[in-house]
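Asker: sequence? don't have it. structure:
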Ligand SMILES: Nc1ncnc2c1ncn2[C@@H]1O[C@H](COP(=O)(O)OP(=O)(O)OP(=O)(O)O)[C@@H](O)[C@H]1O
């Protein structure tokens, strides 16, 4: 409840309006049967027609106002629900964006969408209506029973017993469907994960002819959602069904007692109608309570999942220091060991130093750990042991923001965001001027491409990357890093997708960039590394060789020299 209140407190004014409207609606509901009672009694006593018409008119006016109040309740209910749940959605998204890569490696984007939006949508009705309707239902019940006690206490007692029994049954079995509702949400999240994954890999799915296979998996996931959903629904409706049986017994008892009183002349026909009508009306708040109980079970499973997500902490704790020396930044790895999964070391005992402004080329076989080193430098993962220093400061002590502001990385995968070309190049930083963008793109050879676009920097790019060729996307990513004027730059296979001419242009630009900052270049092709100062040869997560490039190249027994020889032979072949 305290958690719920945190989201409802900011909308307390609207909640209050909702409550007042609900009370007004409840009052109107209680009044109308009494008007009908008077109408019947006046009519049976052959009272004046004008009086009857007046009662009928009053009934109509109250009925119309009642409808208006119902519409207003629905409007404010939805309004409150959206406002409160949007806050929760924002909190969930923020929590999700702050979680570390180990978490994200295990979750598909589709699953996260379902958790941030699907679960919350399931809670929205609960948010809007739960407190209000529970309070409203109890007030209506109290009003009906209270009035009945003033008219006929034996019947009121029967109705009270029935009400207490119904509410008691619901309270006792209220948690029945929670676990299975949680399972239902889980299955639904898995289904979304599957759809997202397959649509993201649509090219592979289509070209490998695996549409039938995907459909098969999809049907299996749908079946799972259906089976779990059915079970959850069955368990949720049990409390409600129990009250229907109780209600039928109560109506029968009240009618029998009422008819007996009428036959004995103890009550008028109008009062008999009132008994009947109020017993019928008891059903409504009890049904509301039952519905809310169902919503509650559904919402509770969503709430559990949301609270679980909100309580998760990223393994990457932000540091406190934010001062780094001006200019190029030195890098130091001291006995660094790292594993993605416990027991499977990816990097072991990595130690090396790069002075400010130095350029390091990392080579090694596929899977030797080159990219992992760059990820560690950006603190995407915590290391198992050792220390990494950037600009002389342990990166664990640095504010992440300070680190990201000074370190740039170009990876093999380029992510485009929905926005203009300018937004994508500056990553939505409006302080970067167009002149600077154009000058930088000119240096990188992207200018002819930008000039060929009808709207230049204002051209809209779609998210994902479909609007750029792989090579363009890579040039694009380099430009992005250039624009941030980094003090340390990591280039992961920067020219892997470029043709020879573009690569030459790019190489000049990279050289210019590396002149201003410290650089780490990860490359498969040794030609990319001609300008670097030092070389690191990695093998199975260990440094096999580290030293000045010139020295290693000249030493025929070095691994680097051997790599150069094989590279040349391959080129000749
Ligand atoms: N997210 C991850 N979770 C678990 N293991 C991973 C993850 N990323 C990489 N690995 C493993 O870590 C090892 C090193 O991977 P890394 O990407 O650093 O190698 P690399 O030298 O950059 O390879 P390549 O030249 O192919 O890019 C590999 O065995 C890889 O399977």
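Answerer: Thanks, I have the structure now. Note that the structure is a prediction, hence the values are computed from the model and not measured.
Asker: Report all helices and strands that the strand or helix carrying residue 510 contacts.
Answerer: Applying DSSP states H and E as the criterion places residue 510 in helix 500-516. Other elements packing on helix 500-516 under the criterion 3 or more Cβ pairs under 8 Å, 6 or more residues apart in numbering; DSSP states H and E are helix 434-444, helix 470-483, strand 488-492, strand 518-522. To be clear about C-beta, it is placed using only N, CA and C from the backbone, and glycine gets the same treatment.
Asker: pLDDT (mean, whole number) over it?
Answerer: Computed over helix 500-516, the mean pLDDT rounds to 75.
Asker: repeat for stretch 88-101
Answerer: Per-residue pLDDT over stretch 88-101 has a mean of 90.
Asker: For it, list every residue counted as buried.
Answerer: 88-89, 91-93, 95-96, 99-100 (16 or more other Cβ atoms under 10 Å).
Asker: Around the ligand, pick out the residues from the stretch 451-573 of the chain.
Answerer: Taking Cβ under 6 Å from any ligand atom, no part of the stretch 451-573 of the chain reaches the ligand.
Asker: and residue 446, what are its phi and psi?
Answerer: phi -90, psi -10 (degrees, to the nearest 10).
Asker: need the contact list for it.
Answerer: Residue 446 makes contact with 472, 475-476, 479 under the criterion Cβ atoms under 8 Å, 6 or more residues apart in numbering.
Asker: Among those residues, which one sits closest to residue 544?
Answerer: Taking Cβ to Cβ as the measure, residue 544 lies nearest residue 475 of these, at 32.1 Å.
Asker: ok, the closest one touching residue 444?
Answerer: Yes. Using Cβ atoms under 8 Å, residue 475 is in contact with residue 444, at 5.8 Å.
Asker: hey, what's in contact with both of these two?
Answerer: Contact criterion Cβ under 8 Å, 6+ apart; residues shared by residue 475 and residue 444: residue 506.
Asker: Can you pull the domain assignment for the chain?
Answerer: Annotated domains of the chain cover 2-311, 331-409+519-572 [automatic domain parsing].
Asker: May I see those domains arranged in CSV, with distance to residue 425 as well?
Answerer: Below are these laid out as CSV (distance: least, Cβ to Cβ, whole Å):
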stretch, distance to residue 425
domain 2-311, 22
domain 331-409+519-572, 13
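Asker: Might you report the residue contacts of residue 480?
Answerer: Contacts were defined as Cβ under 8 Å, 6+ apart; by that measure residue 480 touches 408, 410, 424-427.
Asker: List only buried entries from those residues.
Answerer: Using 16+ other Cβ under 10 Å, the buried members of the contacts of residue 480 are 408, 410, 424-426.
Asker: Grab the nearest non-local neighbour of the closest residue to the ligand within the stretch 151-300 of the chain.
Answerer: Relative to the ligand, the nearest point of the stretch 151-300 of the chain is residue 197 (15.8 Å; Cβ to the nearest ligand atom). Closest residue in space to residue 197, ignoring its immediate chain neighbours: residue 108 at 5.5 Å, by Cβ to Cβ, 6 or more residues apart in numbering.
Asker: can I assume that neighbour is in contact with residue 193?
Answerer: Yes. Using Cβ under 8 Å, residue 108 is in contact with residue 193, at 3.6 Å.
Asker: hmm, back to that, compute the inter-axis angle for the helix holding residue 510 and helix 434-444.
Answerer: Comparing the axes of helix 500-516 and helix 434-444 via axes from the mean of the first three to the mean of the last three Cα atoms, to 10 degrees yields an angle of 120 degrees.
Asker: which residues are contacting helix 500-516?
Answerer: Helix 500-516 is contacted by residues 328, 359, 443-445, 471, 475, 478, 481-482, 485, 489, 491, 494-495, 498, 519, 521, 528, 531 when judged by Cβ under 8 Å, 6+ apart.
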